[in-house]
Structure formats: structure tokens, C-alpha cells
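1. mind looking at a prediction? Sequence and model below.
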Amino acid sequence: MRLKISQLFFFFFCIVLLLHPSLAQTTNEHEQEDVKRSQFPDGFLFGTSTSSYQIEGAYLEDGKGLNNWDVFTHIPGNIKNNDNGDIADNHYHQFLEDIELMQSLGVNAYRFSISWSRILPRGRFGEVNTRGISFYNNLIDNLLLKGIEPFVTIHHHDIPQELEDRYGSWLSPLMQEDFLYFAEICFKSFGHKIKYWTTLNEPNLFADMAYMRGCQSRVVPSVSLQIQLYEPYRDNEDDQKAVSRALAFQLAWVFDPIVYGDYPPEMRHYLGSVLPRFSQEEISILKGSIDFIAINHYSTLYAKDCIHSACIPGWDRPIRGFVYTTEERDGVLIGDRTANPRFFVVPRGMEKIINYVKERYNNMPMIVTENGFAPPPQQKQQDQQDLLQDAERINFHKSYLAALARAIRNGADVRGYFVWSMIDNFEWIDGYSVRYGLYYVDRQTLKRMPKLSAKWYKNILTVDATSNSNSSNIFKRKNTMSTVSQASKAEI
Ligand code: BGC
């Protein structure tokens, strides 16, 4: 009889554990669900991501012109340790070796960007640099030879300095002509080999970071402060609305016009006549102009209303939807810290952001073009061995991929996932002090070494890779295009 009572108690205890909502969430967040390639659809793109300025180096070789980051990084005090991208990972000279690394990982796609000033040293005011074109043709051909699909971002923060000097680049409508000119050269030179294009990386982010705040002090983007999406800070209607506003002002701001032909109704409601109107011609160009939604997702913050509630001055800015954002509630952090003071490890954010995009855009195809982790600075100096043992990064990717797999199981049409980043690289104003790579790069020798996470990713990609690794034709149209939104580095 005594045994039966304890069995009964144990049974009830287990039921309570399973049903209790807060515990259910804890289980979701921290359990290390096993991730398998076979949980993702056939042809799913599994890749790694980089950008030109962050890895290429060779900043004045073979006819390349100066860009905004070449100039900005050379001003003492702008970048941690006064680092710069002059050499970066020397990818310009070591790209064949980097392709070998990718092949050994088992990825079927690689996302990289094209250095604008390598192709057009003076924007449209000078000649096309044929040696720049040859570099990217070589890169693309060698990727294709190894069965790796090139996934191209046309513009990832680096701009020919000439365009900055002439008219402040994106501050002027003239920039549209320059971008068009550059994009057309890219399409003509590489278009027949490229199935996937994205136009601008994180335009919402650089509009805010570089031009709202940066232009006042005449600096160019600082991407270490991120805009994120959110969970309500307080359990009330105002903060629920703050969450929807934050999403609309940061994510839908970019995607609604190119999917539906106008700014989000939420922005129209709050900004009224301040928000420009698109002409009929612009609407017809914009509407339905993308084939997939590309999102960079890393983190989550809490959102608090600044319209009806008191907020710290400065947070009620329209570009952020009049929302205050914070990582802490009642003294508890939303997730573990990372190197970026605004990025926290909140895997459920991946599932939520995918579901948000799925609902808002009728389950258009989606691709996660960036997701990654860099460890927070440690008290003690870390040596190479410490940095190679990156168990935290494995846990990060495991739990975010598991959340992505859940969203896919529930019907989200997600077609790809790219780890940021393939190798440690130049992390903007943090220089080389912050490392996102699956491969460690020795700053003295530039030697690449696989971290534990590279071995883990390889295992996922190669162990049960029989049926679904072929990446051809994941979309109907031959060349597909999107704009990558940093707004979706976020959470609802
Ligand atoms: C950017 C990358 C950057 C990464 C980590 C992304 O938003 O596209 O260039 O390195 O975040 O901060």
C-alpha cells in the first residue's frame, strides 16, 4: 500500500511538471533537443555567411577603391584596438582554402557580399574594375565546382568613399542610381551563375545606426547596437501594443512595401502625414517584388510602451515605434549574455519570429540568412585552446535550430539557414575582439582552425545527409531576390 501511494504521488508530480506553463517554457528553452538534417525539408539550404569588408582584406589591391569602412577604420579611436579590415581574413588571397573548409563542413550554400568599391572603385563615376569582376567569378566558379550554391548579397555596409564624399551616399536619392548601376553590373557579370540574390543587408539597421544617429556626428554605421523585436515588458495591453509597434516599425517597415506596396498600417496610424506616400508607379514596382523573405535573427529583448507610459528620454523615437527596449525584467535577464550587449540567447525567439513572418506575409518562403553567437568577454585572458572549445556556440545553434525545426513542423515555409559566421572576422566597431566564426582565425598567421562547433555542424550536415542535401531549385523562378532585414533580429 505504501508503495502505491508513493507511485501515485510520483505520477501526479510528473503530470504537474509537464503541465505547468512556466516549467514547460523552461524545458523548451534549455533542453538540448537533438537536431538532425532530416528534420528539414528536401533541398534545404544549410550554409555559412560572411561579408566582403569583414573577411576579404586586400583593401587596395588589384584596382579596388577606398570604401567608407576603409576610411572610417583608419581614424584612430573609431574601432576597438584601432583594428581595421586592411587584411581582415585575407580571404581575397585564401578563398580557395576557405572553399575547401566549406566543402569539408558539408554546407550546400555560402552567403557572401560583393565589395562595391572592388567592382566600381569610384561608383558610377569611374571605370569597372575587371580584376574585381574576375575575383568574384573565380570565387563563384570554385564554389559551384564543389557543389556549393553561391548566395549573393549585393550590398553589406561597404560603400565606395567617392559616393560618401559626393553626396553622403544613402542620404541622397542619387544613391538609387548608383545602386542600380552596381546591381546591374553584378547581374550581367554573375547573374547566369547565381540563383539567389539579396539586395541590401539590414537597411532598417543602417538607416537608424548610420543616418539617424551616426550622421549627427559624421560617422558611418556602428552595428554593435542592434534593433531587436520583443516580448512585452509588462503583462498589459500597452506593452502588447508596444511589441506589435516595434515589429511593424522595424520589420514590416521594410517588408510591407515590397510585399504589399505600402508602409505598414501601424506606421501610417502613428506617423500620419510625416510618412511619405508612394506614387502609383512606385507601388507597382515595389509590390510583390521579392521571392522570399530573408531574415537575420539573433536575439530578443523586452518592449515597453512609450506613448502612454513614462520612458527614459530618447527612447520615444519614431524610428523605433515609440518603444523602450531592455534585456532585464525584475532583475532577471531575458537570456544568457553574448559579446553584443544587446544580444541574448533566447532560442524561442527564432520560432516566434518565423511564425510572425509566416502570419504577416501569408507564409511566403523564408530564409534565415544569419544566426550566430559570440561569447561575452571573459574575466581571464582566453587563449587559442579556450576559443576552440566553443561548447556555448554549439548549444546556441542547437537550440535555435531546434526552434526553427519546430516552426517548420508547424507549417512555416523556411528554405534555408546560414550560420554567421564561417570564420572569425572583422566585427565592425569591435574589430577582431569579437569572434563569431565556426573556424578560429589566428591573427598573426591567419591560419584557420576548426572550433568544436565546426565539427558539430559538420556532423549534422554529413551524418544523415543522404536525401535532402541537393539545393537545386528551391524556388520556381531562376533568380530570386530579397532584402535582408535586421528588424527580424528580434522577438515578439
Ligand atoms: C551583420 C554582420 C555582423 C553580425 C554580428 C549582422 O547583423 O550583418 O555583419 O557581423 O550581425 O554582429
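-> All right, it came through fine.
2. so for the residue most central in space within the chain, what's the nearest residue that isn't a sequence neighbour?
-> The chain has Asn296 as the residue nearest its centroid, 2.7 Å off, counting by C-alpha atoms, centre = their mean. Closest residue to Asn296 apart from its sequence neighbours, by C-beta to C-beta, 6 or more residues apart in numbering: Glu370 at 3.7 Å. From N, CA and C alone the C-beta is placed, and that goes for glycine too.
3. is it true that the one you found touches Phe343?
-> No - between Glu370 and Phe343 there is no contact under C-beta atoms under 8 Å: 11.7 Å.
4. residue numbers of the stretch 251-400 of the chain in contact with the ligand?
-> For the stretch 251-400 of the chain, the residues in contact with the ligand (C-beta under 6 Å from any ligand atom) are 296, 340, 370.
5. so which of these sit within strands?
-> By the criterion of DSSP state E, membership of those in strands covers 296, 370.
6. need the residues of the stretch 251-400 of the chain next to the ligand in JSON lines with pLDDT, can you?
-> As requested, those are exported to JSON lines (pLDDT from 0 to 100):
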{"residue": "Asn296", "pLDDT": "94"}
{"residue": "Asn340", "pLDDT": "94"}
{"residue": "Glu370", "pLDDT": "95"}
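7. tell me the spacing between Val441 and the ligand.
-> Val441 is 14 Å from the ligand, where distance means C-beta to the nearest ligand atom, to the nearest Å.
8. what helix or strand is Tyr110 on?
-> Take DSSP states H and E as the rule and Tyr110 turns out to sit in strand 109-113.
9. how far off centre is that strand?
-> Average the C-alpha atoms of strand 109-113, do the same for its chain, and the two points are 12 Å apart (C-alpha atoms, centre = their mean, to the nearest Å).
10. packing partners for the helix or strand following it?
-> Per DSSP H and E, strand 109-113 leads on to helix 116-119 as the next helix or strand towards the C-terminus. Using 3 or more C-beta pairs under 8 Å, 6 or more residues apart in numbering; DSSP states H and E as the contact test, the elements touching helix 116-119 are helix 130-145, helix 174-190.
11. now do helix 116-119, average pLDDT.
-> Mean per-residue pLDDT for helix 116-119: 98.
12. now do the strands in the stretch 151-300 of the chain.
-> 196-201, 230-232, 293-296 (DSSP state E, counting those that start in this stretch).
13. now do the first one and strand 109-113, the angle between them.
-> So that's strand 196-201. With axes from the mean of the first three to the mean of the last three C-alpha atoms, to 10 degrees defining the directions, strand 196-201 sits at 40 degrees from strand 109-113.
14. pLDDT below threshold where in the protein?
-> 1-32, 208-221, 223-228, 465-492 (pLDDT under 70).
15. please repeat the previous calculation with a cut-off of 80.
-> 1-33, 204-221, 223-229, 315-316, 379, 381, 464-492 (pLDDT under 80).
16. residues from the stretch 1-150 of the chain in reach of the ligand?
-> Residues of the stretch 1-150 of the chain lying near the ligand (C-beta under 6 Å from any ligand atom): 51, 54.
17. tell me where the stretch 1-150 of the chain has strands.
-> Going by DSSP E, counting those that start in this stretch, the stretch 1-150 of the chain shows strands at 45-49, 109-113, 121-124, 149-155.
18. what's the angle between the longest one and helix 174-190?
-> In other words, strand 149-155. 160 degrees.
19. what secondary structure does Arg393 sit in?
-> Secondary structure assignment for Arg393 (DSSP: H, G, I helix; E, B strand; the rest coil): helix.
20. what about it, distance to the ligand?
-> Applying C-beta to the nearest ligand atom to Arg393 and the ligand gives a distance of 13 Å.
21. burial measure for that residue, as a count.
-> Per other C-beta atoms under 10 Å, the neighbour tally for Arg393 reads 25.
22. hang on, isn't it packed against Asn371?
-> No - applying C-beta under 8 Å as the test, Arg393 and Asn371 come out as separate, 11.1 Å apart.
23. quick one on the thing from earlier: switch the helices and strands packed on helix 116-119 over to CSV; also include mean neighbour count.
-> Listed next are the helices and strands packed on helix 116-119 as CSV, based on neighbours: other C-beta atoms under 10 Å:
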stretch, mean neighbour count
helix 130-145, 16
helix 174-190, 17
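24. a markdown table for the ones you listed, including distance to Pro265?
-> Formatted as a markdown table, the helices and strands packed on helix 116-119 follow (distance: least, C-beta to C-beta, whole Å):
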| stretch | distance to Pro265 |
| --- | --- |
| helix 130-145 | 40 |
| helix 174-190 | 26 |
